[in-house]
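>>> coordinates only, sequence not included:
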């Protein structure tokens, strides 16, 4: 399981805004879902005129824009968007074989493009890169979590207790990160399943018990325990007094 990159926010702490413009409803829904998972505020439009109208009200920080639209093309949308908001970065979506579209899009002032079919991860990464260059963002949070003598670096994935490095699997790391982000707070098995595995195991909550036992063997072995079971309630991570 991969870790999430820290959420980008505007300088005032409000969510980054992204407008998605595509006339394929299924694709628009998938893109919107992937971008919302980043913690961003998303609006969608299926036509060029709808995109221009939505942008005036929504004031997006970035736009994901299909070149082929039912009323007028993405280049015209870009021109109208830039008339109202000259600095807004635009990521074009183009057909794989439409080289001329890609060239025209960049020549018209588009900032980047991806070709269909594409991976959602690629689109998210491209939008994130555009936002970093174009938007005044809030400082990203400190990447090192600390509870007592236990530290976890969200960037390097290094975990240490009392200075001794602890090797964890990807899932163990996610579980420990969730516990460390909520120190002294009792977390239920359902909460842990939802946050660490992102879906319900259909009643197989014993997977949480199993991974808690793995963590204990690595984090608490031979030391004063930090991971505690609250019978009937869940689990809690506490610093050693």
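That came through, no problem. Only a predicted model underlies this, so the values are computations on that prediction, with no experimental measurement involved.
>>> from here on, contacts and neighbour counts on C-alpha atoms
Fine.
>>> Contacts for stretch 30-43 next, please.
Applying Cα atoms under 8 Å, 6 or more residues apart in numbering, the contact partners of stretch 30-43 are 7-9, 15-20, 44, 54, 58, 120-121, 124.
>>> partners of the helix or strand harbouring residue 114 in the sheet?
Using DSSP states H and E, residue 114 falls within strand 112-116. Note on strand 112-116: by DSSP bridges, its sheet partners are strand 90-95 (parallel).
>>> So for the partner strand, what gets flagged as buried?
For strand 90-95, a neighbour-count test (16 or more other Cα atoms under 10 Å) marks 90-94 as buried.
>>> which among the residues you listed gets closest to residue 220?
For the buried residues of strand 90-95, the minimum distance to residue 220 (Cα to Cα) is 47.5 Å, reached by residue 91.
>>> Check whether that closest one really touches residue 110, as I assumed.
Yes - contact criterion Cα atoms under 8 Å: residue 91 and residue 110 qualify, at 6.5 Å.
>>> which stretches of the chain form strands?
Assigned by DSSP state E, the chain shows strands spanning 17-21, 41-45, 62-66, 90-95, 112-116, 144-147, 150-153, 159-161, 164-166, 227-230, 234-237.
>>> Pull the residues that contact the last one.
Which is strand 234-237. 179-180, 182-189, 226-230.
>>> In this structure, which residue is most central in space?
Nearest to the mean C-alpha position of the chain, counting by Cα atoms, centre = their mean, stands residue 38 at 2.6 Å.
>>> what's the distance between that one and residue 125?
Between residue 38 and residue 125 the computed distance is 10 Å (Cα to Cα, to the nearest Å).
>>> Return every residue with contacts to both of the two.
Applying Cα under 8 Å, 6+ apart, one finds that no residue jointly contacts residue 38 and residue 125.
>>> follow-up on the earlier one: got a quick ChimeraX command for the buried subset of the contacts of strand 234-237?
Typed into ChimeraX, the line below selects the buried ones among those, using 16+ other Cα under 10 Å:
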select :179,180,183,184,186,187,188,189,226,227
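>>> farthest-separated two in the contacts of strand 234-237?
Those two in these that are separated most widely, counting by Cα to Cα, are 189 and 226, at 17.5 Å.
>>> low-scoring pLDDT stretches of this structure, where are they?
Along the chain, segments meeting pLDDT under 70 span 1-7, 96-109, 134-142, 198-205.
>>> Okay, helices next: where are they in it?
With DSSP state H, the ranges of helices along the chain come out as 25-36, 48-58, 74-84, 99-107, 120-134, 170-181, 189-192, 206-215.
>>> now the shortest one, how far from the centre of its chain.
If you compare the mean C-alpha spot of helix 189-192 with that of the full chain, they lie 20 Å apart, counting by Cα atoms, centre = their mean, to the nearest Å.
>>> Kindly report the same for the longest one.
Shown here is helix 120-134, whose average C-alpha point lies 11 Å from the average C-alpha point of the whole chain (Cα atoms, centre = their mean).
>>> Indicate which one of the strands of the chain is closest to residue 206.
Closest to residue 206 of those, according to Cα to Cα: strand 234-237, at 11.8 Å.
>>> buried residues in the closest one?
Residues of strand 234-237 classed as buried: 234-237 (neighbour count, 16+ other Cα under 10 Å).
>>> Tabulate those residues (CSV), appending distance to residue 27.
As requested, these are exported to CSV (distance: Cα to Cα, whole Å):
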residue, distance to residue 27
234, 39
235, 39
236, 40
237, 41
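>>> which pair in these spans the largest distance?
234 and 237 (10.6 Å).
>>> how close does the nearest residue to residue 81 once chain neighbours are set aside get to residue 30?
Excluding the flanking residues, the one nearest residue 81 by Cα to Cα, 6 or more residues apart in numbering is residue 52, at 6.2 Å. As judged by Cα to Cα, residue 52 and residue 30 stand 21 Å apart.
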